[in-house]
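[1] what follows is a predicted structure for the sequence shown.
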Amino acid sequence: MESGATQLESSGAPGRRGRAALVLLVIAALFFAAIAPTLRWLEFSGGSENLVVATALEIRRDGTWQRWIEPTLQGEPRIAKPPLAAWVAAASIRADTLRALDSPDESARADAYRDLAWQVRWPALLCACLGLLAVCGLGRVVAGGDAGVLAALICGSTIFFLRYGRGATVDVHLFLWVAVANYCLARALLEGRWWGGCIGAGAALGLALMSKGPVALLQTVVPVALWAVWHRRPRRIREEWPVPGRASLAWPIVTGVVVMLAVAVPWYALVAVRSGGNVFARWKVEVLRAGATDMPAGSVLNYLLFLPEFLPWAFFAAAGAIAAVRYARKQKSDHLMLALLLVAVPIVVMTFFRDRKDRYLLPMVGPASVLAAHAVRESLLRGEMRTILAHRVLVAILGIAGPVAALLLTRRGGLAWPGDIPIVIGAAALSAGLLVALRRPGRLVWAGALVMLIVQAVGMHFYQRTDDGGRSGMKPFADAIRQSTRDADIYYYRPDGKLKLAPNDLAIYLNRPVVRTTTLPAPIPARRVVVVTVQQKGEPPPPFPPGWVEVADVQRDAARMIAVLWVGQ
């Protein structure tokens with residue numbers, strides 16, 4: 001295998017570079033155009049996205065610069081995490097949409113919430129699609145030639161990307177800026193572009209730190225540094241590495257660090273000053289995750305979902321990882337080892353923290369796609385038809401049987417069979433047609449990507465009607481509260497004394513904070529007061545003094561949520 005720089009020179013004619021750039025822009029536009037129409041379909045039911053959306057709504061409702069600097073969630077400071085995702089979501093919410101969320105007309109309000117879903121999600125999807133450009137760059141630098149385009153197609157068509165690249169979450173922003181940082185660092189290490197690489201990586205890391213904090217360094221700088229230290233050992237490889245002298249190397253690295261700090265530090269410093277330094281303990285908890293929530297620790301097995309959610313390219317990713325180790329052992333080239341470390345090191349370290357959610361793995365999908373792209377290219381060059389055939393069978397199962405399975409699994413949601421059967425048949429037929437039309441091995445990745453885009457559209461069509469993710473149980477609950485009263489103060493009261501936040505989707509669909517309290521709030525003259533409380537399974541309803549009337553209830557997990565309105569003595 002040639003080094004990334006050598007292969008780049010051999011394929012670096014301006015005409016080819018221009019065509020590759022055009023193809024890459026087409027790929028990013030394709031994924032955006034295929035996923036964007038589905039962004040309005042799902043309600044705000046996911047916990048991670050709801051944190052961002054509820055915070056963004058509070059920023060927009062307040063509108064002051066203080067609220068932008070120190071966002072709130074349910075009326076309380078939301079400064080434990082950096083605010084970049086909330087800022088982007090808040091900036092995308094239109095003023096007329098914000099007003100329409102409180103419309104007394106239920107249909108107008110429903111339209112406004114669909115508009116809100118589009119407005120906060122399309123910037124996140126754009127970030128995800130721009131991340132594909134950085135993944136392409138990483139693939140080109142690490143594996144050379146057309147591996148970059150293959151890596152972008154593979155990354156965008158994984159279950160990981162199609163599932164998580166559509167939500168207004170901090171993980172999507174982290175995916176973009178980690179991908180950009182890794183591309184810039186790879187250019188510095190493997191192509192000798194130290195100044196451009198370090199400055200670009202510094203800016204991207206600053207934005208990554210503003211997305212989710214120091215975990216970005218674990219997913220970029222740590223594995224890159226480990227690779228650099230390990231890479232210097234074999235003499236023959238060391239001689240090929242374009243590293244200047246120590247004095248020359250120090251300046252671009254220092255400049256990159258300064259750029260990173262200039263982007264990230266101002267917000268952290270301002271919040272620390274305004275809080276009197278009391279926020280440092282909260283930041284420590286957020287980084288270490290010990291005591292961050294009262295939820296049980298996530299299972300280590302959650303990270304084993306990486307390969308299943310990397311389908312339909314999981315086999316190739318594993319083959320690429322094996323190739324990386326084999327090349328390094330033979331001292332043929334260890335550029336692929338850089339991609340492997342960018343995947344493996346963060347996952348290994350993250351297993352030692354108590355929170356282990358599969359969405360945390362999204363930034364590692366980029367370098368894993370580079371490994372898969374190398375394996376796909378090698379399989380095509382060597383004519384390994386068994387591997388190619390096995391992959392095509394897997395894609396056929398996902399594309400043809402997937403829509404049928406989605407219909408059967410969501411039948412309990414009361415789907416209209418006569419209207420859905422043609423959709424399933426059409427999607428399966430289109431997938432089969434693509435697999436036949438693009439049967440040439442060289443079009444393997446394009447066929448798989450197009451089929452997966454069809455699968456995601458059909459899957460979202462059915463998923464939007466399910467109660468376990470497509471729909472929010474808090475929406476009808478909030479609508480019932482709205483029908484009983486308008487402009488009320490909303491409180492969340494738990495008889496068990498736990499000071500927990502109310503569900504964020506309740507605050508979203510009420511379009512106001514739900515203030516948590518440990519005591520039953522006293523009614524305020526000339527103000528309407530609603531208290532939301534919880535009845536645990538097997539327990540009697542919480543007692544309320546005379547003057548409180550139940551106006552709504554909903555089942556949430558094993559508990560029943562009840563809303564009571566103060567009507568007076």
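    Cool, the structure landed.
[2] and the top helix by length along the chain, what's its mean pLDDT?
    Looking across the chain with DSSP state H, the single longest helix is helix 106-143. Mean per-residue pLDDT for helix 106-143: 95.
[3] centre of the chain versus that helix, how much separation?
    10 Å (Cα atoms, centre = their mean, to the nearest Å).
[4] now the element after that helix, going C-ward?
    Past helix 106-143, further along toward the C-terminus, the next helix or strand under DSSP states H and E is helix 147-156.
[5] what is the burial count for the nearest residue to Arg193 once chain neighbours are set aside?
    In this structure, Arg193 finds its nearest non-sequential neighbour in Arg187, 4.4 Å apart by Cβ to Cβ, 6 or more residues apart in numbering. C-beta: built from backbone N, CA, C; applies to glycine. Here the number of neighbours of Arg187 (other Cβ atoms under 10 Å) works out to 23.
[6] Arg187 and Trp195 touch, don't they?
    No - using Cβ atoms under 8 Å, Arg187 makes no contact with Trp195, being 10.3 Å away.
[7] phi, psi of the spatially closest residue to Ala128 that is not a sequence neighbour?
    Distances taken as Cβ to Cβ, 6+ apart put Gly165 closest to Ala128, at 3.4 Å, once the chain neighbours are dropped. Per-residue torsions, Gly165: phi -80, psi 0 (degrees, to the nearest 10).
[8] quick one: Gly165 and Pro503, what's the gap?
    For Gly165, the distance to Pro503 (Cβ to Cβ, to the nearest Å) stands at 25 Å.
[9] looking at those two, which is more packed in?
    The neighbour comparison of Gly165 against Pro503 (other Cβ under 10 Å) goes to Gly165, with 28 against 25.
[10] so who does that one touch?
    Neighbouring residues of Gly165 by Cβ atoms under 8 Å, 6 or more residues apart in numbering: Ile35, Ala124, Leu125, Ala128, Cys129, Gly131, Gly156, Val172, Phe175, Leu362.
[11] okay but the fifth one is in contact with Leu24, surely?
    Meaning Cys129. No - contact between Cys129 and Leu24 fails when scored by Cβ under 8 Å: they sit 10.6 Å apart.
[12] between these two, point out the one with more neighbours.
    The neighbour comparison of Cys129 against Leu24 (other Cβ under 10 Å) goes to Cys129, with 23 against 20.
[13] about what we covered before: and the residue nearest to Arg193, what element?
    With DSSP H and E as the criterion, Arg187 is inside helix 170-191.
[14] what do you get for Ala34?
    Per DSSP H and E: helix 14-35 holds Ala34.
[15] next: Val534.
    Per DSSP H and E: strand 529-535 holds Val534.
[16] give the other helices and strands that the helix holding Ala34 contacts.
    Helix 14-35 sits against helix 106-143, helix 147-156, helix 444-463, with contacts defined as 3 or more Cβ pairs under 8 Å, 6 or more residues apart in numbering; DSSP states H and E.
[17] again, 10 Å this time
    helix 106-143, helix 147-156, helix 159-164, helix 444-463 (3 or more Cβ pairs under 10 Å, 6 or more residues apart in numbering; DSSP states H and E).
[18] by contact count, what packs against whichever helix or strand Ala396 is part of?
    Using DSSP H and E, Ala396 maps to helix 385-396. Packing partners of helix 385-396 (3+ Cβ pairs under 10 Å, 6+ apart): helix 314-329, helix 365-382, helix 417-437, helix 444-463.
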